[in-house]
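>>> What would the 3D arrangement of this be:
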Amino acid sequence: MDRATVVTTDETLINAPVTLTTCDREPIHIPGSIQPYGFLLCLEEGSRRVVHASANAAEHIGIDATALLGAGLERLLDPTALAEVERALEVAAEEPKLLTVPLLTGAGRPAYRVVLHRHDGLLWLEFEPVAAGEANVLDLATLNQTLGQMLTAGSVLEFCQFAVDQVRDLTGFDRVLMYRFAEDASGEVVAEAKREDLEPFFGLHYPATDIPQQARAMYLKNWLRFIADVDYQPAPLVPVLHPEHQRPPDMTHAVLRSVSPIHLQYLRNMGVAATMTISIIQENRLWGLITCHHLTPRLLRYELRELCLFIGKTFSALLKTKQQQDEFAYQLHIRETQAQLFEQVGRHANFLEGLYQRKPTVTDVFDCGGAAICFEGNIITLGTTPTKAQIAELTQWLQQHAPQDVFYTNSYVQHNPAGLAIRGTASGILAVSLSQESGDYLIWFRPEVIQTVTWAGREQKAERMENGLLHLSPRQSFEAWKQTVDSTAVAWRPMEIKAAEEIRLHLSDVRLKIFNELQARAASLSKLNSELERSNDELDSFAYVASHDLKEPLRGIHNYSIFLLEDYADKLDAEGTQKLETLVRLSRRMEALIESLLQLSRVGRQELVVAPTDLNAVLEDVLDVLQLSYQRIAQLVTVHGPLPTLRCDAVRLREVFANLLTNALKYNDKPTPHVEVGLAPAGVRGPRGTGQPDDYYVFYVRDNGIGIDARHHETVFKIFKRLHAQDKYGGGTGAGLPIARKMVERHEGELWLESEPGQGTTFFFSLSKHL
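Numbers count the residues shown, from 1 in each chain. Predicted coordinates:
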């Protein structure tokens, strides 16, 4: 509440009983009476004659209030004291000024403190008796120590604790509280100094209704209020009404002002007998109160009250600095944590891992209960969060209802009733969009504000009947009770929202950088691929031309070597004959290699002739051909069929089956070789992921042969690479498996194997269903 707030009071309620419907309009600034620990005189500004006197004047100075009306101050003061007071009245303002003077009346000319101020067209003089032997309360060393502690406080809460400690040390009150107002005008006790035997109030919340609006407005104008005894009998003004207005004089700045009977009953219900309250005002708003309670009546002299007021005003002046310290410390934490997080993001190949794999994580940047990283369909959670299914529903809601880059709320239920299910962990949500189209988000969660808030008694005020009239009675119970705070989290601070936005922008920059790098890499790979295709084409052409052109002269060498052996063997010695036989054998070997090279080049150059093909017939043709080399082929090969009909190049697949079956029978050291052929189970996948039943057939050829060591599983697919000597297992060029793999790849599939030495080998190959 600030000074501009308009608070409506009703002057027709003067001297009327307060009811349930009028308590919020009680004119507390014009009570028409004072507390009786002093007496009051009001002077007319021009004549300096008494126009109001409190009815208890006789009790203090032995002169009846009516006898003082119209009199001057010379009735009470000697010339010296009168001159001093007159000088003070000349410059009087709303701010009070203190004098100590002896009075002419009373035994022994008693000394009184006189508090002067000017307000409502009147000069106010409030007299408080000075007790005999009073010592000076102004201890500069203690005051200096107090200010030093307040200056060195490292946080607002520590600052509050120093203040209540110092006020209690100075005053001796049984309990001193720092009471901070919230946005909804309720209050919370954030610091406490008390007698050890008293029940603590620290952490208790008080409803806004405990302090009416007109009282809050008064607190902004009058920094300190004091009640020496809640059971006092008010001393009325004589006369009650202002000389120029049909109302009592405005006592807003009066020290002795009588207080609302509602407030006195409130204090009695708390068990408090004396109280002092000091306003904490920041930028014309009531930030809080330093509230002092004593369980027995306690009269605190004016100078000591002023010293406490000095502490309150000093606190108010320094409060902004302490808040800035808190803000700066938290902001520094956010900045440092952000910097570490960004460094981690930059170090990881997968930038998302930098957000959660090491400390600090995204949950450490600012205060939250947990966080979720939702990216490309995956959800990674940290801390206390809703379930992944609930987070997925939240991201869907964000996509539909929160198109902005940053969405935040401290009560998600107010936006989406379905949020009731997650309010325990996620009443507060701060979400930044990484890619709204795909539903990628970084989300922080805050739980419901302390599931319960402890209030200092029930808020409701009670009605009571007295003399046939309905009266308002303040809360009778101050036992702590708990009220559930529904679906609300601690609000997100502007610096937290800004930090979340900065994280979003940084991640966007990282993703853009990765995208640009991938584009550049893709362009480079595309260029390399084009060059490789051209090189392969040139190599295929060269291999075809070279193998085709070499075959003719090689055939001539072979034939002439045969002729020499047939026609001139009898003319050659044994060594010459052996050399010619070696030449024939080598020429045959070279012819086989050239034929393999020619066949490999043809596979890459020739287009597939694709047509629906029954693989059962293809395999039957292959077995018929192998029957010439293996007489018992039907007993050696088992086909687990039937095999499917698919679109393929029948000639190429016939060569694939022939190569795999030939190798299975050839590289076998068992007395009875055995080979199985069939469709692989649905879960079999190739190294590149082919094999999904909707897109591929996967076949296998399994033998019980010699097996292949794992380190050679890829070597066998390299052209002209043999694992055995030329004279073992029937020889071979080492080109069969590379040719078979290339034929399978032309069918958009892949060829791979599983094997262990001595355990046989299983070759798998996948063929596309969409040729």
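>>> okay, CA-based contacts and neighbour counts for the rest of this
Noted.
>>> Apart from its chain neighbours, what residue comes closest to Tyr441?
Take Tyr441 and drop its neighbours on the chain: the residue closest to it by CA to CA, 6 or more residues apart in numbering is Ser433, 4.6 Å away.
>>> what packs against the helix or strand where Ala88 lies?
Taking DSSP states H and E as the criterion, Ala88 maps to helix 79-90. Applying 3 or more CA pairs under 8 Å, 6 or more residues apart in numbering; DSSP states H and E, we find helix 79-90 packed against strand 97-102, strand 111-119.
>>> tell me the angle it makes with strand 111-119.
Angle, helix 79-90 to strand 111-119, by axes from the mean of the first three to the mean of the last three CA atoms, to 10 degrees: 30 degrees.
>>> CA atoms of helix 79-90 as CSV?
Extracted C-alpha coordinates of helix 79-90, given in CSV (Å, rounded to 0.1, in the frame of the first residue of the first chain):
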residue,chain,number,x,y,z
PRO,A,79,9.1,32.5,31.7
THR,A,80,12.2,30.5,30.7
ALA,A,81,10.4,27.4,29.8
LEU,A,82,7.7,29.4,28.1
ALA,A,83,10.2,31.1,25.9
GLU,A,84,11.8,27.8,24.9
VAL,A,85,8.4,26.4,24.0
GLU,A,86,7.3,29.5,22.1
ARG,A,87,10.5,29.3,20.0
ALA,A,88,9.7,25.7,19.2
LEU,A,89,6.1,26.5,18.3
GLU,A,90,7.2,29.1,15.8
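>>> Could you say which of the helices and strands packed on helix 79-90 is packed most deeply?
Of all these, strand 111-119 has the most neighbours on average by mean count of other CA atoms under 10 Å, namely a mean of 21.
>>> who touches that one?
Residues outside strand 111-119 that contact it (CA atoms under 8 Å, 6 or more residues apart in numbering): 88-89, 92-103, 123-130, 250, 253, 255.
>>> picking that back up, buried ones in the helix holding Ala88, by neighbour count?
Across helix 79-90, burial judged by 16 or more other CA atoms under 10 Å covers Ala81, Leu82, Val85, Ala88, Leu89.
>>> those helices in the stretch 651-771 of the chain, which residues are they?
Assigned by DSSP state H, counting those that start in this stretch, the helices in the stretch 651-771 of the chain fall at 736-746.
>>> okay, which residue is most central for the protein?
Trp444 (3.1 Å; CA atoms, centre = their mean).
>>> quick one, what contacts that residue?
Trp444 neighbours (CA under 8 Å, 6+ apart): Thr363, Cys368, Gly369, Gly370, Ala371, Ala372, Ile429, Leu430, Ala431.
>>> The same query, at a cut-off of 10 Å, please.
362-363, 366-373, 381-383, 385, 408, 426, 428-432, 500 (CA atoms under 10 Å, 6 or more residues apart in numbering).
>>> Now, these that are in helices?
Per DSSP state H, helices hold the following members of the contacts of Trp444: Ala426, Ala500.
>>> Tally up the residues packed near the residue nearest to Tyr441, please.
26 (other CA atoms under 10 Å).
>>> For Thr715, see how far away it is.
Distance of Ser433 to Thr715, computed by CA to CA, to the nearest Å: 49 Å.
>>> What of Ala81?
Taking CA to CA, one finds Ala81 at 118 Å from Thr715.
>>> Gln390 - that's part of a helix, no?
Yes - applying DSSP: H, G, I helix; E, B strand; the rest coil, one finds Gln390 inside a helix.
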